[in-house]
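**Student:** turn this into a structure:
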Amino acid sequence: MDLYIYYRVSAAQAQQLHGKLKAVQAVLQGRFGIAGRLKRRPGEQDGAQTWMEIYEHIPSDHEQEFGRALERALADAGIPALIDGPRHVERFEDVATCA
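**Tutor:** Here you go, the predicted structure:
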């Protein structure tokens, strides 16, 4: 399973958010072996940027545990206070090919 999580952040909070997210991702990688990636949409709109966290290849037997650990780590780092609005979580799985 892969998670794609996007949200908006004001340009004024971007640097602080970046540092906190990289720290959270390092902790999760150490605990689960899942390396998070961070992307942002080019440019700004109304002083805000759109960011995306990507977590790939989460084993199905660890998906719920990883999701809970991610939310807990984000809350502990104060990340919800740095973003504008909700985090939108999308889950994708690989398409199985037919033989």
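**Student:** how near is the residue nearest to the spatial centre of the chain to A77?
**Tutor:** Centre of the chain computed as the mean C-alpha position; nearest residue by Cα atoms, centre = their mean is E53, 3.0 Å away. With the distance defined as Cβ to Cβ, to the nearest Å, E53 ends up 13 Å from A77. In this view, the C-beta of every residue, glycine as well, is placed from N, C-alpha and C.
**Student:** any common contacting residues for these two?
**Tutor:** Overlap between the neighbourhoods of E53 and A77 consists of L21, taking contacts as Cβ atoms under 8 Å, 6 or more residues apart in numbering.
**Student:** now the residue nearest to the centre of the chain, which residues is it bridged with?
**Tutor:** On DSSP bridges, the residues paired with E53 through beta bridges are I5, L38.
**Student:** wait, D2 sits on E53?
**Tutor:** No - taking contacts as Cβ atoms under 8 Å, D2 lies outside contact range of E53: 11.1 Å.
**Student:** list the residues that contact the residue nearest to the centre of the chain.
**Tutor:** By Cβ under 8 Å, 6+ apart, the contact list for E53 reads 3-6, 21, 25, 36-38.
**Student:** make a markdown table out of these and add pLDDT.
**Tutor:** A markdown table is the format used below for those (pLDDT from 0 to 100):
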| residue | pLDDT |
| --- | --- |
| L3 | 96 |
| Y4 | 97 |
| I5 | 97 |
| Y6 | 97 |
| L21 | 96 |
| Q25 | 97 |
| G36 | 96 |
| R37 | 97 |
| L38 | 97 |
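**Student:** what about E90, how many residues nearby?
**Tutor:** 10 (other Cβ atoms under 10 Å).
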